[in-house]
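Engineer: The sequence and its predicted three-dimensional model are supplied below.
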Amino acid sequence: MKKPQILAKPFLVVIFGALLLLFYLNWLSFGGAALALGIIALVISAFYLVYGIFMIFAAGKLSESAGKIMNLCALCAFPVFIFVYFLIVTINAAGNFGPNGWVIALLSMISSLGLAFLLIANQFAPAAGLAKLLRLCGIVFSLALLLSILFDAQGNANNLGEIDIITTVIDGIFVYLLFQGLCTGDKAAPKESEEASAEEPAEEESGSEEA
């Protein structure tokens, strides 16, 4: 029987995509950098919506390799969007940044790009050291998201009434999906090593019989 968190994942992906779409949809009426971010968010949110709906109705029809690639894209898309978001904000509002603003912007860009890179590297060349580094980068990225909620773009602390609830929910859902994916990958690795160790004695026995 599948665990409740696995069954809930497609619905969380759909909710995540819908909130991301609704939050940035009005940005399409703006111009310049805001319009560009709105278009990027529209494309990414459409991907999450399609991916979540597909997992609900046709998850069994997808091959294992294709499923891993789709899951990898789902984990990488939002960090890449965060990198683009803070890059554009930094370019357009760098003159208004205080020290906190620079720290949050740089931490967000470095951790988001590093997370996407490590996710791809761990998918195609998994290693124990790389998995630990990936978890560390995931924690730093989560911290960057939290700081971006608690502080504004200039680095000033937000009051309770100034905290954006929708952004908080979007970030919270993604962090949950991220660490759920990382924990699932950690559980799969020992299973593969156990299967490999179980095969080795069998090969030794067959070799001794031939002798």
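Structural biologist: Noted; the coordinates are in hand.

Engineer: Pass me the low-pLDDT residue ranges in this protein, would you?
Structural biologist: Applying pLDDT under 70 to the chain flags the ranges 1-6, 59, 185-211.

Engineer: swap the cut-off to 90 and go again
Structural biologist: Counting by pLDDT under 90, the chain shows low-confidence ranges at 1-10, 30-34, 54-71, 89, 92-99, 101, 123-131, 152-156, 158-163, 180-211.

Engineer: Can you tell me which residue sits nearest the middle of it?
Structural biologist: Against the mean C-alpha coordinate of the chain, by CA atoms, centre = their mean, the closest residue is L75 at 3.4 Å.

Engineer: quick one: buried residues of whatever helix or strand that one lives in?
Structural biologist: Here L75 is covered by helix 64-93, with elements defined by DSSP states H and E. Buried residues in helix 64-93, counted by 16 or more other CB atoms under 10 Å: 70-90. No exception for glycine: its C-beta is placed from N, CA and C like everyone else's.

Engineer: Who are the packing partners of it?
Structural biologist: Contacts defined by 3 or more CB pairs under 8 Å, 6 or more residues apart in numbering; DSSP states H and E place helix 64-93 against helix 32-58, helix 99-124, helix 128-150, helix 165-210.

Engineer: mind running it again at 6 Å?
Structural biologist: Contacting helix 64-93 under the criterion 3 or more CB pairs under 6 Å, 6 or more residues apart in numbering; DSSP states H and E are the following elements: helix 32-58, helix 99-124.

Engineer: Give me whichever of those is most buried.
Structural biologist: Counting by mean count of other CB atoms under 10 Å, helix 99-124 has the highest mean neighbour count of the helices and strands packed on helix 64-93, with a mean of 18.

Engineer: the inter-axis angle of that one versus helix 128-150?
Structural biologist: 150 degrees (axes from the mean of the first three to the mean of the last three CA atoms, to 10 degrees).

Engineer: Helix 64-93 and helix 99-124, what's the angle between them?
Structural biologist: Relative orientation of helix 99-124 and helix 64-93, computed by the same axes, to 10 degrees: 160 degrees.

Engineer: I82 against S111, yeah?
Structural biologist: No: between I82 and S111 there is no contact under CB atoms under 6 Å: 8.6 Å.

Engineer: Turn the helices and strands packed on helix 64-93 into JSON lines, including distance to Y24.
Structural biologist: Output for the helices and strands packed on helix 64-93, formatted as JSON lines (distance: least, CB to CB, whole Å):
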{"stretch": "helix 32-58", "distance to Y24": "4"}
{"stretch": "helix 99-124", "distance to Y24": "17"}
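
Engineer: closest to I149 out of these?
Structural biologist: Nearest to I149 among the helices and strands packed on helix 64-93 is helix 99-124 (10.2 Å), distances taken as CB to CB.

Engineer: so what secondary structure elements neighbour that closest one?
Structural biologist: helix 64-93, helix 128-150.

Engineer: how far does the longest one sit from the chain's center?
Structural biologist: Put plainly, it is helix 64-93. Put simply, helix 64-93 sits 7 Å off its chain's centre (CA atoms, centre = their mean, to the nearest Å).
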